[in-house]
Every structure is written in structure tokens, then in C-alpha cells.
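In: Build me a model from this:
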Amino acid sequence: MVYLLVAFLISLVITMLLVRFNALHGRFSFDHQTTGAQKYHDRPVPRIGGVSIVIAMLAVTMLAIFREPALGYEPLVLLAVAMPAFLGGLAEDLTKKVRVLTRLAFAMISGMAAYYFLGATLDRLNIIGIDWLLQFGPISFVVTAFAIAGAANAINIIDGYNGLAAVVSVMIFAGFAYVSYYIGDRLILTVSVGMMGSIVGFLVWNYPRGLIFLGDGGAYFIGFMIGVLSVMMLARHPNVSAWFPLLLCIYPVFETLFSMYRKKLLRGQSPGVPDGVHLHMLIYKRLVRWAVGSTDIKHRTQRNAMTSPYLWLLSSFAVLPAVLFWQNEYLLMLFVALFSILYVVLYRKLVLFRMPKWMVISRKHKLGALAAKKKASRRRRY
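Out: Next up is the predicted model:
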């Protein structure tokens, strides 16, 4: 609880300062572009929220080294190897000129450093044949670097609306914290709890109003931490199934893989080209934008915030069974398959304008709520 509280308070304060004094850094940090395939804000917003998360984690790391000497300097080493991934994303946030492949290369450097300095070795996926290949050092090295970089990129891909990537990441870290507590891994537990507090501190200023964004730096840092903790848990605990972290992270992972399939194989485009048909964007366009009714730009932030809860719910369909059945490999595999089917069916329905009834917000109910709010406002005025 100490790590959680310290991380939360430091992240909360640093993020507040970044928002309050944005005039000092806005020239570099603002996302001024409010139109485009993946732009859903109505005013320039700073996109350096990852800075507060990194600073909060630095404080947690130093506190953990002081309070728990048995951890040694591993928490600090973990934070250090995350820096290439974070700085590659931060460079994009400040310059808007860093290509996707360059950011992925920096994330892979972080993955390689984690392999070498932390023993984060992906030598099993609990799949016959593949596990045999992963026993060869060079293959394991390359797969580890790709897997960790892929996790970093996956969080960046789902970071499309206020609070979406942040809350999904908190749920994932909560799953890591629960299992690491059960198996007695203090390093993974400390880092997971610290990340939860850091992200929630940022989230206070991000959701629902979107006063600051994670940015690529924050998304790549969080994604790297998710990827490296997944690999470290498998490397340090042979009794943990490889399907546990996969199911825990299945929403961002499947979103990334499906996006690559859709762009490369169906459209013949580069997977790095941004488009407007990710699942979270379809929910925004097909459901939320219709429910709000207004097309005014001043209501864009409201529509933005209303999108994320749908994806939080979707992600919980994977996180909850992962935590409940983390020791049962066959059930984990079953839920991975069920989630994949659910995702594809839902995506197809949204593309074809066949929205599931349970997802549709009553437009009449929404307009009634807005009218009641305006009426109450007039009463207070008089």
C-alpha cells in the first residue's frame, strides 16, 4: 500500500504541474492537430503524461531499494532498461517526427537490455514445437525482444480515447500484482503496484476531460513494463502458464495482431499506417457519436470519454478469468479462444452497422439527461 500511495501522490502532483504550467512546454508538447483519422480532442493538449508516470516510478524504485534490501538494485535496473522505449516515444511527442519503426527499434533495444541485465528470457510459450525452438539462445533472444516491443506498441495502439489505455493497463497490472503476491515475487509485485498508483495519479487529470495525454512516451513505457513483467514472470516461475499473461493482455495484443492482418492482408497497406477503423474507433463512430446526437466540436470530449467504458468492459472479460484461473492452463486457453471469437464477432457487427442491443445507449435517454442537466443549470442561475 505504501508503494501504491507514494506512486499515486507523486504522479498526481507532477501531472497537475504539467497541466497547470503547460504554457512553458506547450510549444513542444502540445498535440495541436485536432483533425485526422485518430484525433478526437477539440483543443491542443499536452501529450507528455508519461513523464509523471516515470518520475513516480523512480520514486517507488528508490523507496523499494531502501525498504527491501533483498531486492537489490533490480527495480532500478528495470527502470533503466525501460528508458530507450520511453525516450523513443517521448521524442515523437516532442518533435512529431519519429517514425513507428524507429520507436519499435527503441522498444526492442529495451527488450534486449531486459534479456541481458534482468534475465527476462522468453524460453517457453507452452506450445509444442515452439518451446523446443525457444531453447536455442539466439531464437529466444530475438523472440523476447520482439515480444516486449510488441507489448509496448500494443498499448500505444489502444491509446485512442481518454482513459482507455490507462484503465486497461491498471487492470493488467492488478492481475500481475495478485499472482505475484500469491507466488511471493516481491519485485514483480512492487513494480505492478507502483505502476497502478502512477497510472491512476495520471488518470485523475486525463479522464474524463482529457487535460493531458499519455503520449507515445507514456504508452510505450507502460507497454514495455507489461511486456517485461510478462516475460519475467514466466522466466522466474515455471509453474505459471504462458497463457496467463497472454489472456491478461489479450485485448491490446489481439487488437494489434488483428490490425496488422486487416491492414497488410486485406488492404495491402503498411501496418504502421494510421487508420480510423480500430475497434475502439468503430464503437465511437457507430455507437457513442450516434447516442450523443450532437456533432458540435464542443461535445467531442464528452463523446471521447463515453467510448472508453465499453472497452474497459471488453477487457475485463479477459482479465477476470485470467486472475481466477491463472493455474489452469486449459481454461486459460479456452478463454483466449472465446475472447478472440468475441472480438471478431463484435468487430464484424460494428462494421456492418449491426450493433448489439446491449451496447446501444438510448438516444432518447441521453437527450433527456442532457435536457435535465440544462434545466437544473437554469434553476441554479436564477
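In: Any regions of the stretch 151-300 of the chain where pLDDT drops low?
Out: 272, 274-275, 289-300 (pLDDT under 70).
In: ranges for the helices of it?
Out: Along the stretch 151-300 of the chain, counting by DSSP state H, counting those that start in this stretch, helices occupy 164-183, 186-206, 215-236, 243-248, 250-260, 279-283, 289-292, 300-324.
In: Give me the residues contacting the fourth one.
Out: If you take CB atoms under 8 Å, 6 or more residues apart in numbering as the criterion, helix 243-248 is touched by 126, 172, 175-176, 179, 229-230, 233-234, 253, 318-319, 321-323, 326, 329, 332-333, 335-336, 339. C-beta here means a position set from N, CA and C on the backbone, and glycine is covered the same way.
In: Quick check: mean pLDDT of the helix or strand where residue 88 lies?
Out: Using DSSP states H and E, residue 88 falls within helix 83-95. Helix 83-95 shows an average pLDDT of 94 in the prediction.
In: quick one: buried residues of it?
Out: Neighbour-count burial for helix 83-95 flags 83-94 (criterion: 16 or more other CB atoms under 10 Å).
In: what about dumping the CA coordinates of the helix or strand that it is followed by to PDB?
Out: Following helix 83-95 in sequence order, the next helix or strand is helix 100-118 (DSSP H and E). Extracted in PDB, the C-alpha atoms of helix 100-118 (Å, rounded to 0.1, in the frame of the first residue of the first chain):
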ATOM      1  CA  VAL A 100       6.800   3.900 -36.000                       C
ATOM      2  CA  LEU A 101       9.700   1.600 -36.900                       C
ATOM      3  CA  THR A 102      12.100   3.900 -35.100                       C
ATOM      4  CA  ARG A 103      10.000   3.800 -31.900                       C
ATOM      5  CA  LEU A 104       9.700   0.000 -32.200                       C
ATOM      6  CA  ALA A 105      13.500  -0.200 -32.600                       C
ATOM      7  CA  PHE A 106      14.000   1.700 -29.400                       C
ATOM      8  CA  ALA A 107      11.500  -0.600 -27.700                       C
ATOM      9  CA  MET A 108      13.400  -3.600 -29.000                       C
ATOM     10  CA  ILE A 109      16.600  -2.200 -27.500                       C
ATOM     11  CA  SER A 110      14.900  -2.000 -24.200                       C
ATOM     12  CA  GLY A 111      13.700  -5.700 -24.600                       C
ATOM     13  CA  MET A 112      17.300  -6.800 -25.400                       C
ATOM     14  CA  ALA A 113      18.600  -4.900 -22.400                       C
ATOM     15  CA  ALA A 114      16.000  -6.600 -20.200                       C
ATOM     16  CA  TYR A 115      17.100 -10.000 -21.600                       C
ATOM     17  CA  TYR A 116      20.700  -9.300 -20.800                       C
ATOM     18  CA  PHE A 117      20.500  -7.500 -17.500                       C
ATOM     19  CA  LEU A 118      17.400  -8.900 -15.900                       C
END
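In: and helix 100-118, average pLDDT?
Out: Mean predicted lDDT for helix 100-118 stands at 95.
In: what about the helix or strand that residue 341 is a member of, distance to the chain center?
Out: Assigned by DSSP H and E, residue 341 belongs to helix 329-351. Put simply, helix 329-351 sits 19 Å off its chain's centre (CA atoms, centre = their mean, to the nearest Å).
In: repeat for stretch 246-263
Out: Worked out by CA atoms, centre = their mean, stretch 246-263 lies 12 Å from the chain centre.
In: Counting neighbours, which bits of that stretch end up buried?
Out: 246-256, 258-259, 262-263.
In: Nearest to residue 24 among the residues you listed?
Out: residue 252 (32.8 Å; CB to CB).
In: Nearest residue to that closest one in space, please, no chain neighbours.
Out: Of all residues not flanking residue 252 in the chain, residue 154 sits nearest, at 3.8 Å (CB to CB, 6 or more residues apart in numbering).
In: Quick check, residue 229 in contact with residue 190.
Out: No - Residue 229 is beyond contact range of residue 190, at 10.8 Å (criterion: CB atoms under 8 Å).
In: Please tell me how far residue 17 sits from residue 212.
Out: 11 Å (CB to CB, to the nearest Å).
In: follow-up on the earlier one: okay, the helices of the stretch 151-300 of the chain in a markdown table with distance to residue 101 next?
Out: Shown next, in a markdown table, are those (distance: least, CB to CB, whole Å):
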| stretch | distance to residue 101 |
| --- | --- |
| helix 164-183 | 21 |
| helix 186-206 | 26 |
| helix 215-236 | 13 |
| helix 243-248 | 25 |
| helix 250-260 | 14 |
| helix 279-283 | 23 |
| helix 289-292 | 32 |
| helix 300-324 | 27 |
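In: Please identify which of those is closest to residue 3.
Out: Of the helices of the stretch 151-300 of the chain, nearest to residue 3 by CB to CB is helix 186-206, at 4.8 Å.
In: Test my guess that residue 29 contacts residue 49.
Out: No - between residue 29 and residue 49 there is no contact under CB under 8 Å: 9.6 Å.
In: And the two? Which one has more around it.
Out: residue 49 (30 against 22; other CB atoms under 10 Å).
In: ok, that one touching residue 212?
Out: Yes - Residue 49 lies in contact with residue 212 (CB under 8 Å); the separation is 4.6 Å.
In: Need the overlap of contacts for these two.
Out: Common neighbours of residue 49 and residue 212 (CB under 8 Å, 6+ apart) are 15, 18, 202, 205-206.
In: Name the member of those residues that has the highest neighbour count.
Out: Scoring these on neighbours with other CB under 10 Å, the highest-scoring entry is residue 202 at 29 neighbours.
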